[in-house]
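Visitor: coords please:
(one chain, ligands or ions: 1)
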Amino acid sequence: MTRPLFRFAPSPTGRLHAGHALSAFLNRDLARATGGVFLIRIEDIDPTRRDPAVIRAILDDLAWLGLISDRPVRFQSAHMDDYARALDRLRAFDLVEASVATRTRIRAAIARDAAAGRPWPADPDGAPRFPGDAAVLTAAERSRLLAGGEPVAGRLVMERALAIARPQAPSPADWEEFDPAAPLDPARRRPVPGDAAAWGHVVIARKETPTSYPLSVVVDDALQGVTHVVRGADLFAQTALHRLLQTLLGLPAPVYHHHRLITGADGAKLSKSLGSVSLADLRAGGATPADVRRLVGLAEQPGAS
Ligand code: GLU
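Guide: Predicted structure coming up:
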């Protein structure tokens, strides 16, 4: 049997907060409990937000918590060729639409359609579900923009992606949630029906970089041999999209555990954008790593005295 492999994969968008600590601790604890491997991966694909000081601070916060990667930390920014190859495979299936639907153009189209009594449905995150450039621009406008050298994003042509994936797997977006109390017991897995279509034509390659979060996450999970994905419940619904990409790219399916989110006193999800408590603040305030474990609702570290 292959060794179970877990990873904590933060995007370096700011300092880590308590919610990240829960995720990181769970991954490391499960790796230890199963005799598996714990990896840290830095998801720094966004060139506009790649700040070495932030990355250093993240790794430092994790080291303070006692969380060290069992193998060298993987930085996604150093592996763009891997993502470009995966993108090429999707392109070979004719699944990537060159998109000039900017945020402003999409907003205008949504307003126009709402005024005409045709509101756009929402995706599982509550954002408008994007149905393709044709919903935003006429064919002539689109050709003119493309010919004029407009920056182009790559979007997954969802209907075609599902049509191509279905013969390989009848429900190509389904996945299994494992039980963290019995991570290696297949009998304790729960099948989840995944609805990838609900995401519409998602951006699969951004304008400024030839990849996206969903594409690089599935490529790396496969390249690194991740067997168990443990992350916050905010990514639960998006797992359908990850599974579809895995099916299209012929990648193995890990099993998943989406854990509870840490909420602030007002019930809001803890995140840096809400200016919530960072590990740096907790540490500066005199908290110990054991205090952080308690704060996020975990028992004392297994094996700690
Ligand atoms: N990088 C993602 C984030 O920080 C998490 C990726 C994952 O665990 O799949 O939200």
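Visitor: secondary structure class for residue 191?
Guide: With DSSP: H, G, I helix; E, B strand; the rest coil as the basis, the three-state label of residue 191 is strand.
Visitor: sorry, that was for residue 164
Guide: Applying three-state DSSP: residue 164 is helix.
Visitor: which residue packs closest to it, ignoring adjacent ones?
Guide: Distance criterion CB to CB, 6 or more residues apart in numbering; nearest residue to residue 164, sequence neighbours excluded, is residue 93 at 5.5 Å. For every residue, glycine as well, the C-beta is placed using N, CA and C.
Visitor: Then residue 22?
Guide: Nearest-residue entry for residue 22: residue 296, 4.1 Å, with adjacent residues in sequence omitted and distances by CB to CB, 6+ apart.
Visitor: Same question for residue 57.
Guide: residue 15 (5.9 Å).
Visitor: next one: phi and psi at that neighbour?
Guide: Dihedral pair for residue 15: phi -70, psi 150, per degrees, to the nearest 10.
Visitor: begin at 18 from here
Guide: Done: numbering now begins at 18, and the last item shifts to residue 32.
Visitor: re the thing from before, spell out which residues sit in contact with the residue nearest to residue 181, please.
Guide: When contacts are counted by CB atoms under 8 Å, 6 or more residues apart in numbering, residue 110 touches 177, 178, 181, 265.
Visitor: Tell me what the residue in the stretch 118-267 of the chain that the ligand sits nearest to is bridged to.
Guide: Relative to the ligand, the nearest point of the stretch 118-267 of the chain is residue 248 (3.6 Å; CB to the nearest ligand atom). Residue 248 has these beta-bridge partners by DSSP bridges: residue 275.
Visitor: these two touch, right, it and residue 40?
Guide: Yes - between residue 248 and residue 40 there is a contact at 5.9 Å, judged by CB atoms under 8 Å.
Visitor: Please enumerate the strands of the protein.
Guide: Here the chain has its strands, by DSSP state E, at 22-25, 54-59, 91-92, 113-116, 170-173, 192-194, 207-209, 220-222, 245-249, 272-276.
Visitor: what's the second one in contact with?
Guide: Translated: strand 54-59. So strand 54-59 is contacted by 20-27, 29, 41, 44-45, 48-49, 72, 75-76, 79, 84-88, 90-94, 237, 241, 243 (CB under 8 Å, 6+ apart).
Visitor: near the ligand at all, that strand?
Guide: No - figure legend: strand 54-59 not in contact with the ligand (CB under 6 Å from any ligand atom); closest approach 8.1 Å.
Visitor: Might you report the residue contacts of the residue lying closest to residue 126 once chain neighbours are set aside?
Guide: In space, and not counting its chain neighbours, residue 126 is closest to residue 153: 4.3 Å by CB to CB, 6+ apart. Counting by CB under 8 Å, 6+ apart, residue 153 touches 118, 122, 123, 125, 126.
Visitor: ok, now how distant is residue 153 from residue 111?
Guide: 20 Å (CB to CB, to the nearest Å).
Visitor: Repeat that for residue 264.
Guide: 16 Å.
Visitor: quick one, which of those two is more surrounded?
Guide: Just comparing residue 264 and residue 111: by other CB atoms under 10 Å the higher neighbour count belongs to residue 264, 23 against 10.
Visitor: Find me the pLDDT at the more buried one, would you?
Guide: Looking at residue 264, its pLDDT is 97.
Visitor: my guess is it contacts residue 185, does it?
Guide: Yes - assessed by CB under 8 Å, residue 264 is found in contact with residue 185 at 5.7 Å.
Visitor: How many residues are close by residue 52?
Guide: 9.
Visitor: show me the contacts for it.
Guide: 20, 21.
Visitor: Get me the contact residues on the protein for the ligand.
Guide: Checking the chain against the ligand by CB under 6 Å from any ligand atom, the hits are 26, 27, 28, 60, 234, 248, 252.
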